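Asker: this one's sequence-less:
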């Protein structure tokens, strides 16, 4: 899962294509669901039309609207089987209202960002009857997520997508707030134990990928192919894809 902020912004040349390649590459590494931040909205409506039709990663948001209607699905429901038991997982996404996201949208589309905390509380009300595990992907500061986890304790896992990097949650009863940083420099993970009516944290970490994981040859080949699709970078010395700081794992 990705909590938002995935839009490629390091070079001005065809940023929407760079974001497409980034999301496609992350899908190959296992990414299934991604929240949308205000900054991701700058790609405009054509990008999100493409995402709905062609992107295999599910983009979600519970507080983004265009023309008064939800821009994306507010949540997804998934199931996983473990040791003969099936766990139902509800995943929702929200984002903060940051200036500048309107740049890629015509006035007639009237894209708006609603109150993320109110949307999170509403999504919890919707998801609790349908799922055993509730996860919130949020492009919000980790301090706000920590407060939300205390005020609305039904969320089991809250994942920060604003670039904050904080110590992983300690073992114990949920909720857990995970702030693993952004742009796949760190991979955040949490091991959970789920028994009837109780979710507990067994272990969690935010691993720095480029110091712990060797580049995968197959993925490195995919990156080279992506660079050829992009063509030469207009910025001297800047890699086309992935951008500096994006390990090829």
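Answerer: Yep, it's here. As the structure is a computational prediction, the values presented were derived from the model and not from experiment.
Asker: So residue 62, which state does it fall into?
Answerer: Under DSSP: H, G, I helix; E, B strand; the rest coil, the three-state class of residue 62 is coil.
Asker: Quick check: the spatially closest residue to residue 128 that is not a sequence neighbour vs residue 162, distance?
Answerer: Nearest residue to residue 128, sequence neighbours excluded (C-beta to C-beta, 6 or more residues apart in numbering): residue 154, at 5.7 Å. Quick note: C-beta positions are derived from backbone N, CA and C, even for glycine. Applying C-beta to C-beta, to the nearest Å, the value for residue 154 to residue 162 is 22 Å.
Asker: ok, these two, which is more surrounded?
Answerer: residue 162 (23 against 15; other C-beta atoms under 10 Å).
Asker: Residues in contact with stretch 114-124: which ones?
Answerer: If you take C-beta atoms under 8 Å, 6 or more residues apart in numbering as the criterion, stretch 114-124 is touched by 62-65, 74-75, 92, 94-97, 134, 136, 138, 140, 144, 148, 152, 154-155.
Asker: Helix or strand: which one has the residue nearest to residue 128?
Answerer: Residue 154 is located outside every helix and strand, with elements delineated by DSSP states H and E.
Asker: re earlier: got a ChimeraX select line for the buried ones in the contacts of stretch 114-124?
Answerer: Buried members of the contacts of stretch 114-124, defined by 16 or more other C-beta atoms under 10 Å, are picked up in ChimeraX with:
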select :62,63,64,65,74,75,92,94,95,96,134,136,138,140,144,148,152,155
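Asker: Which of the contacts of stretch 114-124 fall in helices?
Answerer: Within the contacts of stretch 114-124, residues falling in helices by DSSP state H are 144, 148.
Asker: Mind checking what secondary structure residue 89 has?
Answerer: Following three-state DSSP, the label given to residue 89 is strand.
Asker: and it, what are its bridge partners?
Answerer: Per DSSP bridges, the residues bridged to residue 89 are residue 78, residue 133.
Asker: What confidence value was assigned to the residue nearest to residue 116 when sequence neighbours are not counted?
Answerer: Distances taken as C-beta to C-beta, 6+ apart put residue 94 closest to residue 116, at 3.9 Å, once the chain neighbours are dropped. pLDDT, residue 94: 96.
Asker: what do you get for residue 9?
Answerer: Residue 9 carries a pLDDT value of 66.
Asker: Which secondary structure element of this structure has the lowest mean pLDDT?
Answerer: helix 209-212 (a mean of 68; mean pLDDT, DSSP states H and E).
Asker: Against which helices or strands is the following helix or strand past that one packed?
Answerer: For helix 209-212, the following helix or strand on the C-terminal side (DSSP H and E) is helix 217-230. Applying 3 or more C-beta pairs under 8 Å, 6 or more residues apart in numbering; DSSP states H and E, one finds that helix 217-230 contacts helix 15-28.
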